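Peer 1: predicted model and sequence below, questions to follow.
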There are 2 protein chains.
Amino acid sequence: MQEISPAPNEGTRSAQRRAAIVDAATTVFLRQGYPAASMDEVAKLAAVSKQTVYKHFRDKETLFVHIIQGMMTSADEAIQSASGALGESEDLPRDLRTLARVLLDSLRKPRVLQLRRVVIGEAERFPELGRSYWDLAFKRGIDSVAEGFTRLTERGLLAAPEPEIAAHHFAGLLLWMPINQAMFCGTDDLPDPTEVDHLVEAGVTAFLTAYGR
Amino acid sequence: MQEISPAPNEGTRSAQRRAAIVDAATTVFLRQGYPAASMDEVAKLAAVSKQTVYKHFRDKETLFVHIIQGMMTSADEAIQSASGALGESEDLPRDLRTLARVLLDSLRKPRVLQLRRVVIGEAERFPELGRSYWDLAFKRGIDSVAEGFTRLTERGLLAAPEPEIAAHHFAGLLLWMPINQAMFCGTDDLPDPTEVDHLVEAGVTAFLTAYGR
């Protein structure tokens, strides 16, 4: 079988090339937007052949959805972890503040905001991208928070008989202003740490007054 | 002075041409996005010369900002009227529901949602468009609602010592889920009338519990 096995470090090299393609594609998509980005340019920037790009990713859409998934994974893990801890909380205001900060942290990631803009800007022409973002990023975060609220309601610490709506309310109280400001006015105009503290306090207080027991 | 005055109905004709330009430009901007839209195409679709377009609008940006203003005027008047009535309310839950429906009504206007997507998609390359939208559409609506809440707080019917934050909270409770769904998943997936009723009830109830006296 020796002759058809890959060379010992072929797997590593393939993984490196894949990472280079993803990195190059992220730059190209965020700089040019989805429609103008070409697989040629991705190949050139990644210093691989166009065939290599297509060997790893079937088409432009597959590559873009992969980037959405990758960028959202760390945010998603942080939300899941904070929501899980919240469900078992012994100090509800403290743990709600922690979750609030996790949600607001996404604002400090310019690439996440840029990606969000590209997806929204193209959602009409490329509805499958918007749908992927909704399912992989938006909806998944809401579901994690809703699970935490379900557990808190079972434990008698929260009155959220509709945990999914309560999760949207929590996110809306915290993010409505700053995310819209970031979408329309760009990252130069994000809330500074003092403002973030104030947004967290105001949002968590309103939520606890509305949903606490 | 007769010879340099315009013909009696020149003013009307000029206004008609201006309206035709705005109408054509709206179609072109929403179909192609801002960067790809050209003044040539606007002129062609409006059946006027390119010089006529430039006589009315100095450049593409001025024309686009004019469209934002025009599209937002009716939404803005509805928000102002509902917020003004809210300030003098004798039935707070009822008048909050009315304002909530006015905010949710923007979801039923596909052109407003398309415009919002175009602006967000281009906010990085054309920050002045995003800034105009924020000032003319987003911020103005929040300010009207905040005025209503200030009046209600003065009258002892609401406890909103930071009326602007309370206005963002009200908007976030109602709009976070449906506007994001509309942005990412398009207008095919908007809440039906029963869901709208449910969103209004849930949002107004949470707000009144958090901010009512």
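Peer 2: Looks like it came in fine.
Peer 1: residue of chain A closest to chain B, please.
Peer 2: A:Gly121 (1.8 Å; CB to the nearest CB). In this view, the C-beta of every residue, glycine as well, is placed from N, C-alpha and C.
Peer 1: now name the helix or strand holding the most centrally placed residue in chain A.
Peer 2: What sits nearest the mean C-alpha location of chain A, by CA atoms, centre = their mean, is A:Met72, with 3.3 Å. In this structure, A:Met72 sits in helix A:60-87 according to DSSP states H and E.
Peer 1: next helix or strand past that helix?
Peer 2: Trace forward from helix A:60-87 with DSSP H and E and the next one is helix A:92-105.
Peer 1: that following helix near chain B at all?
Peer 2: No. Using CB under 8 Å from any CB of the partner chain, helix A:92-105 stays clear of chain B, coming no nearer than 11.2 Å.
Peer 1: list the buried ones in that helix?
Peer 2: A:92, A:95-104 (16 or more other CB atoms under 10 Å in any protein chain shown).
Peer 1: same check, this time on stretch A:26-44
Peer 2: Result for stretch A:26-44 [16+ other CB under 10 Å]: buried residues A:26-30, A:33-34, A:37, A:39, A:41-43.
Peer 1: got the CA positions of it in CSV?
Peer 2: Provided in CSV are the C-alpha atoms of stretch A:26-44 (Å, rounded to 0.1, in the frame of the first residue of the first chain):
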residue,chain,number,x,y,z
THR,A,26,-11.6,36.0,4.4
THR,A,27,-9.5,38.9,3.4
VAL,A,28,-10.9,38.9,-0.2
PHE,A,29,-14.6,38.5,0.9
LEU,A,30,-14.4,41.2,3.5
ARG,A,31,-12.5,43.7,1.3
GLN,A,32,-14.5,43.2,-1.9
GLY,A,33,-17.9,41.8,-0.8
TYR,A,34,-19.3,38.5,-1.9
PRO,A,35,-20.2,39.2,-5.6
ALA,A,36,-16.9,40.8,-6.6
ALA,A,37,-14.7,38.2,-4.8
SER,A,38,-13.2,35.6,-7.2
MET,A,39,-11.7,32.2,-6.6
ASP,A,40,-8.8,33.3,-8.8
GLU,A,41,-8.0,36.1,-6.4
VAL,A,42,-8.3,33.8,-3.4
ALA,A,43,-5.9,31.3,-5.1
LYS,A,44,-3.4,34.1,-5.9
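Peer 1: would you reformat the buried residues of helix A:92-105 as a markdown table and include pLDDT?
Peer 2: Shown next, in a markdown table, are the buried residues of helix A:92-105 (pLDDT from 0 to 100):
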| residue | pLDDT |
| --- | --- |
| A:Leu92 | 97 |
| A:Asp95 | 97 |
| A:Leu96 | 98 |
| A:Arg97 | 98 |
| A:Thr98 | 97 |
| A:Leu99 | 97 |
| A:Ala100 | 97 |
| A:Arg101 | 96 |
| A:Val102 | 94 |
| A:Leu103 | 94 |
| A:Leu104 | 93 |
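Peer 1: out of these, what pair is the most spread apart?
Peer 2: Farthest pair in the buried residues of helix A:92-105 (CB to CB) is A:Leu92 and A:Leu104. Separation: 18.4 Å.
Peer 1: contacts only, for A:Trp134.
Peer 2: A:Trp134 makes contacts with B:180-181, B:184-185, as judged by CB atoms under 8 Å, 6 or more residues apart in numbering or on different chains.
Peer 1: closest to chain A among the residues you listed?
Peer 2: Taking the contacts of A:Trp134 together and measuring to chain A by CB to the nearest CB, the closest member is B:Phe184, at 4.1 Å.
Peer 1: is it true that that closest one touches A:Glu122?
Peer 2: No. At 10.5 Å, B:Phe184 does not count as touching A:Glu122 under the criterion of CB atoms under 8 Å.
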